[in-house]
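Student: what follows is a predicted structure for the sequence shown.
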Protein chains: 2
Amino acid sequence: MNAITDATAQLLDTAARAARAAAGDLARAGTAPKDAALRHAAAAIRQHAPRIQAANETDLAAAPGLSPAFRDRLTLTPARIEAMAQGLEEVAALPDPVGRVLAEWTRPNGLRFQRVAQPLGVIGMIFESRPNVTADAGALCLKAGSAVLLRGGSESAHSARAIADCLQIGLRAAGLPEAAIQLAPTQDRAFVGAMLRAAGLIDLIIPRGGKGLVTRVMEEARVPVLAHAEGLCHTYVHAAADPAMARAILLDAKLRRTGVCGATETLLIDAAIAPVLLPLLVGDLAAKGCRFHADARARAICPGLEAATDAHFATEWLDAVLNIAVVDGLEGALSHIRRFGSEHTEAIITEDAAAAEAFLAGIDSSVGLWNASTQFCDGGEFGFGAEIGIATGRLHARGPVGLEQLCTFRYRVTGTGQVRG
Amino acid sequence: MNAITDATAQLLDTAARAARAAAGDLARAGTAPKDAALRHAAAAIRQHAPRIQAANETDLAAAPGLSPAFRDRLTLTPARIEAMAQGLEEVAALPDPVGRVLAEWTRPNGLRFQRVAQPLGVIGMIFESRPNVTADAGALCLKAGSAVLLRGGSESAHSARAIADCLQIGLRAAGLPEAAIQLAPTQDRAFVGAMLRAAGLIDLIIPRGGKGLVTRVMEEARVPVLAHAEGLCHTYVHAAADPAMARAILLDAKLRRTGVCGATETLLIDAAIAPVLLPLLVGDLAAKGCRFHADARARAICPGLEAATDAHFATEWLDAVLNIAVVDGLEGALSHIRRFGSEHTEAIITEDAAAAEAFLAGIDSSVGLWNASTQFCDGGEFGFGAEIGIATGRLHARGPVGLEQLCTFRYRVTGTGQVRG
C-alpha cells in the first residue's frame, strides 16, 4: 500500500475532526433538519441531473479500457439519477433511529436504567465504482446522526463529486454543517490507509466493493469494520423438500440476480431426493443459461456436468454458475457449509420442521432461511427501508446493516441520591 | 513485543481449533450441562481449596518484590476461594442468554423474521494478576455458550492452573469437552501476541488489567476487542444540586472503592454553587484522607488545595485523589468532559430535570447517571448478575459486559416458498 505522508495524515485529521464536530451538531439538531437536508438534496439531484450526467460522461471517457461489468456499475442514466433522488426521500421518510429506548428496567434500589440508541459518531465509507453509493451511504449515515467520510474509487471521482455537491446543498439548506458528509480526494492514494488507521478519529469503517478491497480493509483496519468479504451462500434441498418449491426457489436464488452477495453459489442436494429432483433442477437452470460444477455423485445422476473441485466449492461466482454437491442428510450439508461457507446466508428447502430447526441451529451464518430464496438477504426485504451493506462478523451487527445497526447506544441511569455504600 | 515463533503459532492454532469444536458441542448441548458443569466446578473448588491455597502460596513466594497492591490482587484467602465457588453457582443460576428471541416480525409477503441470540464462538481472555478471573471469566463464557482461551499473568500461573483444574473437573462431570475452557501457558510470552492476531480463530478478545495491558491489546489486536483503557469518570455538581445529596454521592463516588474503574476522578462544580458547597465537599473528603488537585477558581474558594494541571485532569488516579474544576454551567462541564473524559461513566447531581436531560444527551460516555454515584457502573448493579468487564467502545457492547453482551445473534427467516422474482 501507499505510504502515509504527513500531508495525508494532516488531511485526514482535519477532515475527521470537522466530522466529529459536525456529528455533535447533528446530535443536537434532532430529526427535522436531517430529513429536510435529505429532501433538499433530492431536489438538488433532480435539478442538477444534467451536471451529474455530464460528470459521469467525463468519468466514463477517462477510462475506455474498463470491463463491461465495471462500466455498467460506473454508468449513471437518467433513471439511476432519479432513483438516487427517490432513495434520499425514502430515507427521509424512515423513522429516526436515534433516541429509541432499546430496553428499560428498574432495580430494587430504585435506580431506573434505560438503554438508548445513539449515533455512532464518525463513519468512514470506502467504496469502488458505483457513484450512487455517495448518495445512499451519505443519506443513511446522516439519518443515523453520524458524520461520514466517503472515499470512492478514482474512476467515479467526477460523478461522486457532482452528487456530493447536491448533498452539500441539502445540508446548507437545512442549516446543518457541510462537514457532516465529506467526500475524500481520490488523488491521494494513501488516504484509505490513513482512514484504516484512524482509531479514535473514525468510529467505524464500512467497505463496499469486491473481495480484494474488503479483505484489505479487514486486514489493515485498526478501526472496527462492518463488512462481508464474500457471500458464498448455499441452498440445501432436503430429502423432504417439496419438489416444485425447490425448483422455484433455486431458480430465484441462483439466477434472479447473479451479482448480488445473497445469490446462491452452491446447491447441496440430499442423496435421498437427488436421483429424481437433481435432473429437474439442472434442467431449469440450464434452460436459463446456467453452467455447473458438480461432484462425482451429482455427475453420476447428471452425466453431462463439468466436475467440481474444492476450489470451485470455495468460489463465489457472482455469475450464472452453480456448484452442486450431493450430501448425506443434514450432517452432510452442515459439514459442507462449515468447510466452504462464508457465514453469510444459507437456506434449507424442506417440509420437515424438525430438519429445518436443526439446520437453522447448526449453521453459524448471519442469516438462515427455511423455504425461501437466499436472495432475500437484503435490508429492504428485511423491512429496514435501506441498507448500507451486509455484515458477516460476529460483533455489533450481522446480516443487512440498516439505520438501527448504524447506531450505538448509551445507558441512562436515573436515581434519587443512591450511593453504593 | 516477543516474536511469534512457528511453535507458538502452532500451539495457538491447535488450542483455538479445539476451542471452536468445543463451542460447537456447547451450542448443541443446551443449558443443563453448562449449569451442571458450573455447579460441579464450584464443588471441586471447595474440595480442592487447600490445593488452590498451596498453589497461591507458591506464586506469592516466587515473587517477593511485588508491590502491596499487586500482592493483594494476587493473594487468595479461604474467603476469596469460597467467593469464587459461590460465583460459579450464581452464574449457573442465571438465565441462559442463548436462544433468546431478540426481535421478531413478519413482512407483507409472509416471511417471518426472528433475531435470535447465539454464542460468539471462541473468546480470548487476557488478564493480569487476579487468579479469580480464571473462574469468573471461564464461567461467564461457558454459560454464554462460547469456548474461552484464558491467558493470565505469569505471577499467578500456579493459582490459575489449580483453579482451571477445578473447571475441567466440572466440564468432565457434565460430559462437556475440556477444550471449552483452556488455560494458555504463561511461559510462552509471545502467546498473547499470537492471540491478538488470530482473526478467524478467535472471535473476540477481552483484556482485563491495567491501562498498559489494555492499550497494547487495543493497538495490536486484529481481532475485535471489548474493553476500556481507563475510567476517567466525572461527577458534575450542577447549580441546582441538593447539597446534602451532592455530599453523600461524591463521598461514595470518590472513596467507596478508589481502585475501581467507575470511581470518580474529577469533580466539576458549577461556579454558581461552588462558593458555598465546595468547602463542604472538600471537607468531607479530606476528613477521609483524600487529596486534591484543584484549578485556580477552586483554589480561590479553598485556598489550601494543590494546583491542578492538564496532566492531572487527564489522570485516572485509582486512589484517594480528586481533581477539581469550577465550571460555568452545563456547557463548561460538557466541554471539560469532552476534553479529558474516557467515555466511561459521568454523573450529574441536580434537582433540575431539564439540566439533567441536557447533560445526559450531551455526553458521549457509555453510562450517564443522574443523582447517583458513578460507582454504580457495574454489571451486578445493572442487574446483569455478573460481568466480565466494562466496554467503552462504540460497537456491540458499551458499559458492563454481562452474559447477554457475550452473545452475538443470527437471523432466522421462515417462508412458505417465497422468491424475490
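Tutor: Received the coordinates, thanks.
Student: A:Ala240: what secondary structure?
Tutor: Using DSSP: H, G, I helix; E, B strand; the rest coil, the three-state assignment for A:Ala240 comes out as coil.
Student: need phi/psi at the residue lying closest to it once chain neighbours are set aside.
Tutor: By the measure of Cβ to Cβ, 6 or more residues apart in numbering or on different chains, the closest residue to A:Ala240 outside its immediate chain neighbours is A:Asp352, 3.9 Å from it. For glycine as for every other residue, the C-beta is placed from the backbone atoms N, C-alpha and C. The main-chain torsion angles of A:Asp352 are listed as degrees, to the nearest 10 and equal phi -100, psi 110.
Student: okay, A:Asp352: pLDDT?
Tutor: Per-residue confidence (pLDDT) for A:Asp352: 98.
Student: and it, how far is that from A:Ile126?
Tutor: Taking Cβ to Cβ, to the nearest Å as the measure, A:Asp352 and A:Ile126 are separated by 44 Å.
Student: how about the nearest residue to A:Arg398 once chain neighbours are set aside, what does it touch?
Tutor: If you skip the residues right next to it in sequence, A:Arg398 has A:Ser366 as its closest partner in space, 3.9 Å away by Cβ to Cβ, 6+ apart. By Cβ atoms under 8 Å, 6 or more residues apart in numbering or on different chains, A:Ser366 lies in contact with A:228, A:343-345, A:377, A:390-392, A:398-399, B:410-411.
Student: try 6 Å this time
Tutor: A:Ser366 is in contact with A:392, A:398-399, counting by Cβ atoms under 6 Å, 6 or more residues apart in numbering or on different chains.
Student: of the residues you listed, closest to A:Ile301?
Tutor: Within these, proximity to A:Ile301 (Cβ to Cβ) peaks at A:Thr392, which comes in at 32.3 Å.
Student: what helix or strand does A:Gly385 sit in?
Tutor: Following DSSP states H and E, one finds A:Gly385 outside all helices and strands.
Student: and the next helix or strand past the helix or strand where A:Gln114 lies?
Tutor: Secondary-structure element containing A:Gln114, defined by DSSP H and E: strand A:112-119. Downstream of strand A:112-119, the next assigned helix or strand under DSSP H and E is strand A:122-127.
Student: check contacts around the residue in the stretch 251-400 of chain A that chain B sits nearest to.
Tutor: With Cβ to the nearest Cβ as the measure, the residue in the stretch 251-400 of chain A that lies nearest chain B is A:Ala372; the distance is 3.1 Å. With contact taken as Cβ under 6 Å, 6+ apart, A:Ala372 is in contact with B:413, B:415, B:418.
Student: same thing with A:Arg297?
Tutor: Contact analysis of A:Arg297 by Cβ under 6 Å, 6+ apart lists A:Val326.
Student: and with 8 Å instead?
Tutor: Residues counted as contacts of A:Arg297 (Cβ under 8 Å, 6+ apart) are A:271, A:274, A:325-326.
Student: where along the stretch 251-400 of chain A do the strands fall?
Tutor: According to DSSP state E, counting those that start in this stretch, the stretch 251-400 of chain A carries its strands in the segments A:264-270, A:291-294, A:306-307, A:321-327, A:345-349, A:367-372, A:389-391, A:399-401.
Student: could those strands go into a markdown table alongside mean pLDDT and distance to A:Leu12?
Tutor: Compiled in a markdown table, those are given as follows (pLDDT from 0 to 100; distance: least, Cβ to Cβ, whole Å):
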| stretch | mean pLDDT | distance to A:Leu12 |
| --- | --- | --- |
| strand A:264-270 | 98 | 37 |
| strand A:291-294 | 98 | 44 |
| strand A:306-307 | 98 | 48 |
| strand A:321-327 | 98 | 40 |
| strand A:345-349 | 98 | 35 |
| strand A:367-372 | 98 | 34 |
| strand A:389-391 | 95 | 22 |
| strand A:399-401 | 96 | 23 |
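Student: elements contacting the single longest helix found in chain A?
Tutor: Residue-count comparison of every helix in chain A, with assignments taken from DSSP state H, identifies helix A:6-29 as the longest. Using 3 or more Cβ pairs under 8 Å, 6 or more residues apart in numbering or on different chains; DSSP states H and E as the contact criterion, the neighbours of helix A:6-29 among helices and strands are strand A:112-119, strand A:122-127, strand A:147-151, strand A:181-183, helix A:191-196.
Student: switch to 6 Å and redo it
Tutor: Contacts of helix A:6-29 with other secondary structure elements, assessed using 3 or more Cβ pairs under 6 Å, 6 or more residues apart in numbering or on different chains; DSSP states H and E, are made with strand A:122-127, strand A:147-151, helix A:191-196.
Student: tell me the confidence at A:Ala229?
Tutor: The predicted local distance difference test score for A:Ala229 is 88.
Student: that one touches A:Leu213, doesn't it?
Tutor: No. If you go by Cβ atoms under 6 Å, A:Ala229 and A:Leu213 don't touch, sitting 9.4 Å apart.
Student: could you tell me which residues of chain A lie near chain B?
Tutor: A:107, A:120, A:203, A:224, A:245, A:248-249, A:252, A:256, A:360, A:367-373, A:375, A:383, A:394-396, A:399, A:408, A:411-420 (Cβ under 6 Å from any Cβ of the partner chain).
Student: output the helix or strand containing A:Ala164 as PDB, nothing but the C-alphas.
Tutor: Assignment of secondary structure by DSSP H and E places A:Ala164 within helix A:157-173. The C-alpha coordinates for helix A:157-173 follow below in PDB (Å, rounded to 0.1, in the frame of the first residue of the first chain):
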ATOM      1  CA  ALA A 157     -14.400  10.800  -9.000                       C
ATOM      2  CA  HIS A 158     -16.300  13.400 -11.100                       C
ATOM      3  CA  SER A 159     -19.700  11.700 -10.700                       C
ATOM      4  CA  ALA A 160     -19.200  11.300  -6.900                       C
ATOM      5  CA  ARG A 161     -18.200  15.000  -6.700                       C
ATOM      6  CA  ALA A 162     -21.300  16.100  -8.500                       C
ATOM      7  CA  ILE A 163     -23.500  14.000  -6.300                       C
ATOM      8  CA  ALA A 164     -21.800  15.100  -3.100                       C
ATOM      9  CA  ASP A 165     -22.300  18.800  -4.200                       C
ATOM     10  CA  CYS A 166     -26.000  18.100  -4.100                       C
ATOM     11  CA  LEU A 167     -25.800  16.600  -0.600                       C
ATOM     12  CA  GLN A 168     -24.000  19.800   0.500                       C
ATOM     13  CA  ILE A 169     -26.700  21.900  -1.000                       C
ATOM     14  CA  GLY A 170     -29.200  19.900   1.200                       C
ATOM     15  CA  LEU A 171     -27.100  20.300   4.300                       C
ATOM     16  CA  ARG A 172     -26.800  24.100   3.800                       C
ATOM     17  CA  ALA A 173     -30.500  24.500   3.100                       C
END
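Student: much appreciated, bye for now.
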